[in-house]
Each structure stands twice: as structure tokens, then as C-alpha cells.
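Asks: Output the structure for:
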Amino acid sequence: MPSKKIPVSVVIFLLLAAVLSPVLLMGSAVSRRAEAQLVAREYADAAESFERAARLQPWRNNLWEQAGIAAAQGQNPQQAIADFGRARSLTEEGWMWLGFSHLFLGDVDTAIQVLEQGLETRDSSALYTLLASAYRQKKDMAAERNALENQLRLETGDVYASYRLGLLLTVLEPERALTHLMFASSLDPQVDPAVQTLRAALNLSATQPDASQQMVTIGRALGLVREWELALAAFEKAIAIDAENAEAWAWLGEAKQQTGASGAAELDKALALDHTSVVVRALRALYWNRQEKYPQMLAEYSLAAEYEPTNPAWQAGLGEAYVKSGDLVSALAAYRRAAELAPNEATYLSLLAVFCADNGVYLDDVGLPAAQRAVEISPDDPTALDALGWAYLSSGRYASAEQVLLDVVERFPAHLSAQIHLAMTYLAQGNRAAAFDGLTSVQNADPDGEYGRTAGQLLKQYFP
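Replies: Model (predicted):
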């Protein structure tokens, strides 16, 4: 029988299958390897494998996106952006990592464009989260607020987003701020102290008839919770309402210093507007203190004390200025005067005790009684307890110092000053191992701060 001819189409199919089957099998194997590398967090290898798989299987659009995601997770934003550019479309995760890659490179404007483009295809809380971060970097408060509101529309239980939105609203729409702040506090008690500070300021500002002063009150509270960028915006808003508000100018100078600028021009403007304002004088004293120009600091506090002779804060400021000017006799008199003006306030009694302990003077008849009285008034105040422990240590009462300071460290682990004083107590008692552990803990907890530096100096001194 004559043989049947095989159709050309079948021949072509068989030839293509013979050629493509190994490619298909190889592409699948490379894809599986890439997925395993991604699970193992071998991001660079995973990105390379996904790229190879994408070339072997060009009809699989998701492979280039997966390559971009792996590269982004491996902190290779340039490669990630290139890979995402070869994908025909992106999922929510792809848009997120593409936006992240541009943010990583510092290209905030492009990141915003990318994220907003992604949001056109997907209503995503994750994209709004990144968008809010991008607008925060641009210091666009209104746009950041809008992004956070959209994020919370989709994800109601985010503590940070609720708290941050509340902070923004204290400046933009104070009447709406408290709802979000209190909700954040209900989700996480750790933010409650800051929320209570802001709550008190918002309630006080609502009773003030002057709109400019309302913003000053809110700005001061934002400074207290270390939100100086927002405080600066509040003070600028206060000045926009009333350009003659001397206190607003002075606080703007303080906020600029806190955010890395000079602030001198604003403080000079404040002085020109009201040279008798104690707030202006006190904030100028802080400025001179940072400049280590102590005669000027002393002069400012002297004027503040002259204008308000019964305010203990200015006497305490004088005490600090006298110490830094080397006049310990006048410093002691100022600290004692502050304590006399506020005999039932632990703060000024503690300052007096610390002065005596720091300088080893009048400990038995002034310093220790002041510290003991401060603890009687505020038995749960870590600053007062720390002052008492420090006074005990300076007067040679090591066992009493250890007992008090251990209590502070156990109950208030974030109070690093007490940890340093406890370590110094251990050194005085010859317990070098405990002192070393305590100082190392402080240095690790505050590597770039005042307490970390002090701990580092003591470690070099006693453990060379």
C-alpha cells in the first residue's frame, strides 16, 4: 500500500515542538529556581533567574514583574526599574515596589507619579501608604493628609497612619485632630503620653480668642512631642495670621534650630517686636546656650527674671547659666531661689539636688533634703528618684544609692541617666562587671545621644 503523506502543518508542528520543548522545560525549571531563591531571600540571584525565565518564556508577562520585585527587595533599584519597564502591565505589588525603588533613589517626584498611576488601576492601602511617605518627604502636608485619609478608608486599624493624620490635622484642621489621635491612643498605649499632651494643647487653644496664639499653643505641644517639622509649620501659620506676634517669631526660631537651621533672624525679629517678653528672652537664652555664649545666656535669663521675679523657671535658667559661666556661688543661690518659689514642685527641688551632687557641695544640708522632699512630692517621678540616687552616690551612701537607682532602672528602663548613675555606683562599690554591662547597655540604647556619649567616655576611662 502506498504510504500516506504527512501534512506540512503537522511536520512544522512536530519540528517546533522538538525545538521548543527543551526551551519550555528549561524556562519552567528556571522559574521554579527563581521562586525558591525568592523564598530563601536570595534576592539578587532570584532577580537574575526571573530575568532569564522571562527571556525563555516571553509570553509570561509576570516574570519581568517578578524580576523587578526581587531586585527591589535586594535593594537594587536601578535594575528593578529596568525590569518593571519591560513588563506589559503591573499588579498592585509591582506598582508598590516600583514606587519604592524611585523613593530609594531619592526621586520623590517620579515615585509620586508612579504611585498615582498605580492607584488609577487599583484602590490600594499599600500604595496610599507609600504615597503618604513620598508627600511627607516633600513636606506637602495637605497631600500627605489626603493620602493618609485614603489609606485609612481602606485600612482602619493602622496606628501610625491614624497618629500621623492626627498630627497633621493639629496644624491643618485642629477641630478634626483629636478624633484620630484618640483612636491611635486606643490602639496603642505607647502613643498615649504624646496624645495627652496634644489633647491638652488642642483643648487650651480652643479657648483662646486669638487665632495666631492658638497656633503657637499647638506648635509648642508639637515641639514637646518632638514633631518639630510640624511645629515649624504651626508657627509659620501663626505668623501668617499675625506678623506682629513676637512669641510666634521666637518659637519659629526655636523650631528652626531644632530642624537644623540657624533661627537667629527669627529670634532677632521677635526681640524687635517685644523686648520685654519673657518667652522671647528665654528662647534667646536657649539659643545662646547652644552657641556656648554663656554671658549672653545669663543676660537673657537675668532680664526674664527681672520681668517675672516670681517665676521659678527663670531662676533655674539663671542657675544653669551661672554654672556654665563658672560662678557656683551665684548658681546655688539661683537654684535655691527657684526651689523657694515653688516649694511643692519636685522639678526645682530635683534641680537643686542635682546641682549639689554634680559639684559635691552642701549635700547633707541642702542637696539630700531637697532630693528627699522631691520624692515625697512625686514618688513615681523618675527624675526625682534619679536625683535622690545621685545625691546618695555623691555623698558616699552607696547602698542607698544602689537601692534607689535599681528601682528607677527597673520601673523606668528608658531613663538612661539613672542607668549611668547606677553604673557609677557599681564602680564605687568595685563591681566592675555590673558597671561595664550597664554602661554598654546605655551606649547601645543611645549611640548618638548625650547619654550614649557619656557612657562611652566612662567606658574609655574605666575600661580602656
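Asks: Tell me where the stretch 251-400 of the chain has helices.
Replies: Listed in chain order, the helices of the stretch 251-400 of the chain (DSSP state H, counting those that start in this stretch) span 264-273, 278-290, 294-307, 312-325, 328-341, 346-359, 368-377, 382-394, 398-411.
Asks: Just put the ones you listed in JSON lines and tack on distance to Thr207, mean pLDDT and mean neighbour count.
Replies: C-betas here are computed from N, CA, C, even on glycine. Conversion of the helices of the stretch 251-400 of the chain to JSON lines gives the following (distance: least, CB to CB, whole Å; pLDDT from 0 to 100; neighbours: other CB atoms under 10 Å):
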{"stretch": "helix 264-273", "distance to Thr207": "24", "mean pLDDT": "98", "mean neighbour count": "18"}
{"stretch": "helix 278-290", "distance to Thr207": "19", "mean pLDDT": "98", "mean neighbour count": "21"}
{"stretch": "helix 294-307", "distance to Thr207": "25", "mean pLDDT": "98", "mean neighbour count": "20"}
{"stretch": "helix 312-325", "distance to Thr207": "23", "mean pLDDT": "98", "mean neighbour count": "22"}
{"stretch": "helix 328-341", "distance to Thr207": "27", "mean pLDDT": "98", "mean neighbour count": "19"}
{"stretch": "helix 346-359", "distance to Thr207": "25", "mean pLDDT": "97", "mean neighbour count": "24"}
{"stretch": "helix 368-377", "distance to Thr207": "29", "mean pLDDT": "98", "mean neighbour count": "21"}
{"stretch": "helix 382-394", "distance to Thr207": "30", "mean pLDDT": "98", "mean neighbour count": "26"}
{"stretch": "helix 398-411", "distance to Thr207": "36", "mean pLDDT": "97", "mean neighbour count": "18"}
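Asks: and those as CSV, adding distance to Asp45?
Replies: Formatted as CSV, the helices of the stretch 251-400 of the chain follow (distance: least, CB to CB, whole Å):
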stretch, distance to Asp45
helix 264-273, 54
helix 278-290, 50
helix 294-307, 59
helix 312-325, 58
helix 328-341, 64
helix 346-359, 57
helix 368-377, 60
helix 382-394, 50
helix 398-411, 46
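Asks: Go through those and name the closest to Arg136.
Replies: With CB to CB as the measure, helix 264-273 is the member of the helices of the stretch 251-400 of the chain nearest Arg136 (23.8 Å).
Asks: returning to what we had before: of the helices of the stretch 251-400 of the chain, which is nearest Ala71?
Replies: When the helices of the stretch 251-400 of the chain are compared by CB to CB, helix 278-290 sits nearest Ala71, at 44.4 Å.
Asks: Outside of that closest one itself, list whatever touches it.
Replies: Helix 278-290 is touched from outside by 246-247, 249-251, 253-254, 257, 263-264, 267, 270-271, 274, 294, 296-297, 300-301, 303-304, 307-308, 311, 313-314, 317, 320-321, 324, with contacts defined as CB atoms under 8 Å, 6 or more residues apart in numbering.
Asks: Report the inter-axis angle for that helix versus helix 264-273.
Replies: In terms of direction (axes from the mean of the first three to the mean of the last three CA atoms, to 10 degrees), helix 278-290 departs from helix 264-273 by 150 degrees.
Asks: so who does the closest residue to Pro379 other than its chain neighbours touch?
Replies: Counting by CB to CB, 6 or more residues apart in numbering, the nearest residue to Pro379 once its immediate chain neighbours are dropped is Leu385, at 7.9 Å. By CB under 8 Å, 6+ apart, the contact set of Leu385 is 375, 379, 404-405, 407-408, 418.
Asks: try Tyr301
Replies: For Tyr301, the set of contacting residues under the criterion of CB under 8 Å, 6+ apart consists of 281-282, 285, 314, 317-318, 321.
Asks: Please compute how far stretch 262-275 lies from its chain's middle.
Replies: Taking CA atoms, centre = their mean, to the nearest Å, the mean C-alpha location of stretch 262-275 is offset from the chain mean by 28 Å.
Asks: ok, and what's touching that stretch?
Replies: Residues outside stretch 262-275 that contact it (CB under 8 Å, 6+ apart) are 244-247, 249-250, 252-257, 277, 280, 283-284, 287.
Asks: give me the number of residues near the residue nearest to Lys139 when sequence neighbours are not counted?
Replies: The shortest distance from Lys139 to any non-neighbouring residue, by CB to CB, 6+ apart, is to Glu229 (7.1 Å). Counted with other CB atoms under 10 Å, residues neighbouring Glu229 total 15.
Asks: Please identify the helix or strand for Glu229.
Replies: helix 228-241 (DSSP states H and E).
Asks: returning to that earlier point: surely the residue nearest to Lys139 is in contact with Thr259?
Replies: Yes: applying CB atoms under 8 Å, one finds Glu229 in contact with Thr259, separated by 6.1 Å.
Asks: so which of the contacts of Leu385 would you say is closest to Lys237?
Replies: Among the contacts of Leu385, Ala418 lies closest to Lys237 (CB to CB), at 38.9 Å.
Asks: how near is that closest one to Tyr398?
Replies: 15 Å (CB to CB, to the nearest Å).
Asks: Low-confidence bits of the chain, can you list those?
Replies: Within the chain, the set of residues satisfying pLDDT under 70 comprises 1-30, 34, 59.
Asks: Does the spatially most central residue of the chain belong to a helix, a strand or coil?
Replies: With distances taken as CA atoms, centre = their mean, the residue of the chain nearest its centroid is Arg226 (7.1 Å). Following DSSP: H, G, I helix; E, B strand; the rest coil, the label given to Arg226 is coil.
Asks: for Ala414, same thing?
Replies: On the three-state scheme (three-state DSSP), Ala414 is labelled coil.
Asks: Check Leu90 too.
Replies: Under three-state DSSP, the three-state class of Leu90 is coil.
Asks: What sits closest to it if chain neighbours are left out?
Replies: Excluding the flanking residues, the one nearest Leu90 by CB to CB, 6+ apart is Glu65, at 5.8 Å.
Asks: what do you get for Tyr301?
Replies: With sequence-adjacent residues excluded and distances taken as CB to CB, 6+ apart, Tyr301 is closest to Gly317, at 4.0 Å.
Asks: Enumerate every residue touching the one you found.
Replies: With contacts defined as CB under 8 Å, 6+ apart, the neighbours of Gly317 are 282, 285, 301, 304-305.
Asks: Of those residues, which is the nearest to Trp95?
Replies: The shortest distance between Trp95 and any of these, using CB to CB, involves Ala282 and amounts to 50.0 Å.
Asks: picking that back up, please, a ChimeraX command that selects the buried ones among the contacts of stretch 262-275?
Replies: A single ChimeraX command selects the buried members of the contacts of stretch 262-275 (16 or more other CB atoms under 10 Å):
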select :245,246,247,249,250,252,253,254,255,256,257,277,280,283,284,287
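Asks: can I get the CA coordinates of the helix holding Glu229 in CSV?
Replies: C-alpha atoms of helix 228-241 as CSV (Å, rounded to 0.1, in the frame of the first residue of the first chain):
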residue,chain,number,x,y,z
TRP,A,228,9.5,69.9,65.2
GLU,A,229,8.8,70.0,61.4
LEU,A,230,5.1,70.2,62.1
ALA,A,231,5.7,72.7,65.0
LEU,A,232,7.6,74.9,62.5
ALA,A,233,4.6,74.8,60.2
ALA,A,234,2.3,75.8,63.1
PHE,A,235,4.5,78.8,64.0
GLU,A,236,4.7,79.9,60.3
LYS,A,237,0.9,79.7,60.2
ALA,A,238,0.7,81.8,63.4
ILE,A,239,2.9,84.4,61.8
ALA,A,240,0.8,84.4,58.6
ILE,A,241,-2.2,85.2,60.8
